[in-house]
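J.: Got a predicted structure here, sequence first:
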Amino acid sequence: LWYRMGDFYELFFEDAVIASQALGIVLTKRGKHLGQDIPMCGVPVHAADGYLQRLIRHGHRVAVCEQMEDPAEARKRGSKAVVRRDVVRLVTPGTLTEDTLLEASANNYLAALAVNRGDGQLAIAWADISSGELSVMATAASEIGADLARLEPREIVVADSLLADQVLASALEQSGAAITPIPASRFDSIAAERRIKEHFQVAALDAFGAFSRAEIASLGGLIDYIALRDEQVERAGGKARSIWKHVFRPRTVLYTVLWSGVGVGLVVALFLRSPIDASVTPVRNPTFVTLADGTIRNIYEIRLRNKQ
């Protein structure tokens, strides 16, 4: 928790200990709690993004608590009145959208892993919310490690119950991504399908392709996680930074690109509703070369996953 105090974001207790080690800054103390010194460290507001980027690269999540009123207003309520503060920004490795925190030449994927308890099928959904890309694919316990290695997600959302599976837990740990467990109810496939339809304002998913229950569950869990993050920020008076919800690359585009070849595939991606959508500019600092490079790279990724 970054707690705004004047020109600094201060961290206290265990947060301060962790941050001082990760950032290489001095650990101090302020006051006492239950007879023990309270650890404290801080970073200047004007250089906050640099420190934030380093914490995110270490896999940490940061809640930014800002002052919501002028200290002079607080003093009107009494000399010891506390300045009103609230969390206005939640930053996790997979939910970055700020150019200053992103690598220009790499995707910043947030992934979600789901399993259908009925048939044991697994699926991974992933999104880059800074560009609007959203995809999903089926996988298997024996392939999950390789699939995650190819995607290189920065953060993986997973049902807390799945962490009891040693094989999956090991694959998740080896991915090097930050693991975010959430309640298994967030991956219920029936609720997930309803959530997907509401999000994209469609009555059916048929136009996007035929999805397995596991794929629907992973997509729904991913969408739910991003929406919950934005809702929390907006409720606190902050501004949600996700632009991904304006764009969805349908499976029909993916398969058309796969079977049409690189040249035709690029034309299809340009004309159909894909991440290349000038109306919402979903690609960071886009140029024709970067758009073409991303499209062709995705074609090869698709072929790897669909060798048949």
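T.: Here it is on my side, so go on.
J.: Can you work out which other helices and strands pack against whichever strand or helix holds residue 180?
T.: If you go by DSSP states H and E, residue 180 is part of strand 178-182. Judged by 3 or more C-beta pairs under 8 Å, 6 or more residues apart in numbering; DSSP states H and E, strand 178-182 is in contact with strand 155-159, helix 213-235. Quick note: C-beta positions are derived from backbone N, CA and C, even for glycine.
J.: Got the confidence number for residue 284?
T.: Note for residue 284: predicted pLDDT of 51.
J.: Tell me which of the helices and strands packed on strand 178-182 lies nearest to residue 37.
T.: Among the helices and strands packed on strand 178-182, the nearest to residue 37 by C-beta to C-beta is helix 213-235 (31.9 Å).
J.: and the closest one, what does it pack onto?
T.: Secondary elements touching helix 213-235 (3+ C-beta pairs under 8 Å, 6+ apart): strand 85-91, strand 110-115, strand 122-128, strand 133-139, strand 155-159, strand 178-182, helix 189-200.
J.: quick one on the thing from earlier: which of the helices and strands packed on strand 178-182 is buried the deepest?
T.: Mean neighbour count, computed with mean count of other C-beta atoms under 10 Å, is highest for strand 155-159 among those, reaching a mean of 24.
J.: helix or strand right after it?
T.: Note on strand 155-159: by DSSP H and E, the next helix or strand toward the C-terminus is helix 166-174.
J.: which parts of that next one are buried?
T.: 168, 171, 172 (16 or more other C-beta atoms under 10 Å).
J.: quick one: average pLDDT of that helix?
T.: Computed over helix 166-174, the average pLDDT equals 88.
J.: Now tell me what touches it from outside.
T.: Applying C-beta atoms under 8 Å, 6 or more residues apart in numbering, the contact partners of helix 166-174 are 113, 141, 144, 145, 148, 156, 158, 162, 163, 179.
J.: Among the residues you listed, which one has the most neighbours?
T.: Neighbour tally across those (other C-beta atoms under 10 Å): the maximum, 30 neighbours, falls on residue 113.
J.: gap between that residue and residue 136?
T.: Distance of residue 113 to residue 136, given as C-beta to C-beta, to the nearest Å: 11 Å.
J.: go on, residue 83?
T.: 45 Å.
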